[in-house]
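*Asks:* This is a predicted model, with the sequence first.
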Amino acid sequence: MDLDGERVDLEGALELEGKVALVTGGASGIGEAAARLLAASGARVAVVDRDEVGARRVADEVGGSAHATDVSAPTAMAEAVAAAEERFGRLDVVLLNAGMTSGQNGVTDLDVEGYRRIVGVNVDHVVFGVAAAVPALRRAGGGVVVATASLAGLMPHPGDPLYTLTKHAVVGYVRAAAPALADEGIRLAAVCPGYTDTALIANARAEFGDFPLLGAEDVAAAIMAVVGNGGPGECWFVQPGREPGPYGFRGVPGPAGGRRAPEVTWEQH
């Protein structure tokens, strides 16, 4: 489906002429590769990253704009969205891609400052980003938000439990928040790539040996597929040598007798 809900042919290029995209973590890695593909598809791209020099480099090369900020700050995403709308007049596609690993096991060596930092970047930024993007997407008549999660959001990654925690949180948030937004023509989905040859694994790169790794361009191509054809709440796995697609979550057993749980909106206590 395109941004208006029509399914597109993934054998051809996704047409985004006249559309505007915002990409966090866009100065390098997956974000940079996605920014380039979005621009090649016709979109004007707002590149958001704490690395101002890198963001400006990518923005200049794709004919977009750069916005330097710490995406974990409570007002950062609202400011980035406002800047993109002011520059380009609308917003249609949002890629919430900025992320980090923790560098600790989060149990015997728990560093609270580091814990708060990874939750801020990997989780808060997604929540703040969705909340900031939705009003802009409503003004544009609908659109797409894609969050970069990880296979660590679908299965445990013992090497970094805190990273696993944050990516499970992103997957759960996307799946729970998507249905209500779909009624407004806004699709919220996630990509869950496996190990990808970016700066996040640079220090451990030698440990992978001949294990197949994704390239940033592989994940960016999957993101484009989700922008074009991803359904609300879908979390697409991305693995080397496999066609990316929505992960098939198993249903949770309900009470005996087949009764379905009610839809409950929890009040704050």
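*Replies:* Structure received. Numbering: from 1, shown residues only.
*Asks:* Does the residue nearest to Val71 when sequence neighbours are not counted belong to a helix, a strand or coil?
*Replies:* Residue nearest to Val71 in three dimensions, not counting chain neighbours: His125, with 4.0 Å by CB to CB, 6 or more residues apart in numbering. C-betas here are computed from N, CA, C, even on glycine. Secondary structure, DSSP: H, G, I helix; E, B strand; the rest coil: His125 is helix.
*Asks:* burial of His125, as a residue count?
*Replies:* 26 (other CB atoms under 10 Å).
*Asks:* Surely it is in contact with Val48?
*Replies:* No - in this structure, His125 is not within contact of Val48 by CB atoms under 8 Å, at 9.8 Å.
*Asks:* Report the contact partners of the residue nearest to Val71.
*Replies:* Thr24, Val71, Ser72, Ala76, Met77, Leu96, Ala98 (CB atoms under 8 Å, 6 or more residues apart in numbering).
*Asks:* same thing with Gly31?
*Replies:* Here Gly31 is in contact with Val23, Thr24, Gly25, Val47, Asp49, Leu95, Asn97, Ala98 (CB under 8 Å, 6+ apart).
*Asks:* Phi and psi next, for the first one.
*Replies:* If I follow you right, that is Val23. phi -130, psi 120 (degrees, to the nearest 10).
*Asks:* Enumerate every residue touching it.
*Replies:* Contacts of Val23 (CB under 8 Å, 6+ apart): Gly31, Ala34, Ala35, Leu38, Val45, Ala46, Val47, Val48, Leu95, Asn97.
*Asks:* Repeat that for the second one.
*Replies:* By CB under 8 Å, 6+ apart, the residues touching Thr24 are Gly31, Val48, Asp49, Val71, Met77, Ala80, Leu95, Leu96, Asn97, Ala98, His125, Gly129.
*Asks:* From Met224, how far out is it?
*Replies:* 16 Å (CB to CB, to the nearest Å).
*Asks:* same check, this time on the last one
*Replies:* Here the distance between Ala98 and Met224 works out to 18 Å (CB to CB).
*Asks:* ok, now the fifth one?
*Replies:* Noted for Asp49: a distance of 20 Å to Met224, by CB to CB.
*Asks:* Kindly indicate which of the contacts of His125 lies nearest Val264.
*Replies:* Ranked by distance to Val264 (CB to CB), those are led by Leu96 at 27.0 Å.
*Asks:* partner residues bridging that closest one?
*Replies:* Taking DSSP bridges as the rule, Leu96 bridges to Ala147.
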